[in-house]
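Enquirer: Quick one: sequence plus predicted model below, questions after.
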Amino acid sequence: MRLRRLGTLAPLLLAVAACSGTGGVTPGTIGELGEGIFNYSCVDDGDAVCNETNSVDTQKVETDLGINGELPTAVAVGARFDIQYFGHVTADDGQVLLLDVVPARSEDVHTMGGFIITSPGRFAFLARSPKGIVADFTHLEAIVPSDLDLWKDELQVNSFELMEGGEANLAVVPNDDTGIALAGALPYTWESSDEQVIVVGPAGTTGTPSGGIELNDDEVRIVALGAGEAQLTVARDDLSKQVTITVIPEVTP
């Protein structure tokens, strides 16, 4: 069965932009057959693509992770993400096709609640109808993370200072051995070496975090409780990164 496209991509781009709230700015990545647009989305906390605290350098996000639904340069092996397809495609009999995104090779891609690629490599994703008609496709690279970077105020940090009673937002981004930031939600644990000095909680919260909990999120909020020095460690499987935080005592008049 042959396929044909309805109209041009220009109206489609505008329609998708309106639905995605992107204001007309590149709403995704055009499929390799040019029939529509593949749109990347986050499904869990922990995906740097959807960072909300403005901790990560904007250019880094735009270059490696993609903006407004563009497909990222690569996703992390074991990370959860989702892809939708926007296209108005008909078969040669005039039937409009209902299209879902499915992996071309299912043995290395889990499909519960989005996608998780379980091994490194280059993977094809198909825009396919329930009857098995493929209208379009795209490819996505999956890479095993080799390092973690910690970001604060759009700068990578290994250490920083806080005033007693102050707070800061941090974000972690996995990357490969060339420094490319990897998309997808990974589970992380965060731990303070001294909760009398700093405590960690979910980003976007208020008050004093309870501390001592696992936070499966790429973004956290650090609160400085007392003067001193403490290490904050973020870990994912055998990868970890540590930042030293020095809390300066509050000066009373």
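Expert: Thanks, I have it. Numbering: from 1, shown residues only.

Enquirer: Only C-alpha atoms from now on, for both contacts and neighbour counts.
Expert: Noted.

Enquirer: is it fair to say residue 196 lies in a strand?
Expert: No - assessed with DSSP: H, G, I helix; E, B strand; the rest coil, residue 196 is coil; it does not lie in a strand.

Enquirer: And it, what's its pLDDT?
Expert: Model confidence at residue 196, given as pLDDT, is 94.

Enquirer: distance of it from residue 224?
Expert: 9 Å (Cα to Cα, to the nearest Å).

Enquirer: The two: who's more crowded?
Expert: Taking other Cα atoms under 10 Å, residue 196 and residue 224 do not tie; residue 224 has more neighbours (27 against 14).

Enquirer: Now for the more buried one: which residues touch it?
Expert: For residue 224, the contacting residues are 162, 163, 164, 165, 166, 167, 197, 198, 199, 247, by Cα atoms under 8 Å, 6 or more residues apart in numbering.

Enquirer: go again using 10 Å as the cut-off
Expert: 161-168, 195-200, 208, 230, 245-249 (Cα atoms under 10 Å, 6 or more residues apart in numbering).

Enquirer: if I read this right, residue 80 contacts residue 142, doesn't it?
Expert: No - taking contacts as Cα atoms under 10 Å, residue 80 lies outside contact range of residue 142: 11.4 Å.

Enquirer: ok, those two, which is more surrounded?
Expert: Neighbour tally, residue 80 and residue 142, criterion other Cα under 10 Å: the higher count belongs to residue 80, 27 against 24.

Enquirer: hey, what's that one bridged with?
Expert: residue 116, residue 185 (DSSP bridges).

Enquirer: any idea how far it lies from residue 205?
Expert: 24 Å.

Enquirer: can you check residue 232 too?
Expert: The gap separating residue 232 from residue 205 is 18 Å, by Cα to Cα.

Enquirer: Which one's more surrounded, the two?
Expert: Taking neighbours as other Cα under 10 Å, residue 232 and residue 205 compare with residue 232 leading, 21 against 10.

Enquirer: give me every residue that touches the more buried one.
Expert: By Cα under 10 Å, 6+ apart, the neighbours of residue 232 are 158-159, 190-195, 198-200, 222, 241-245.
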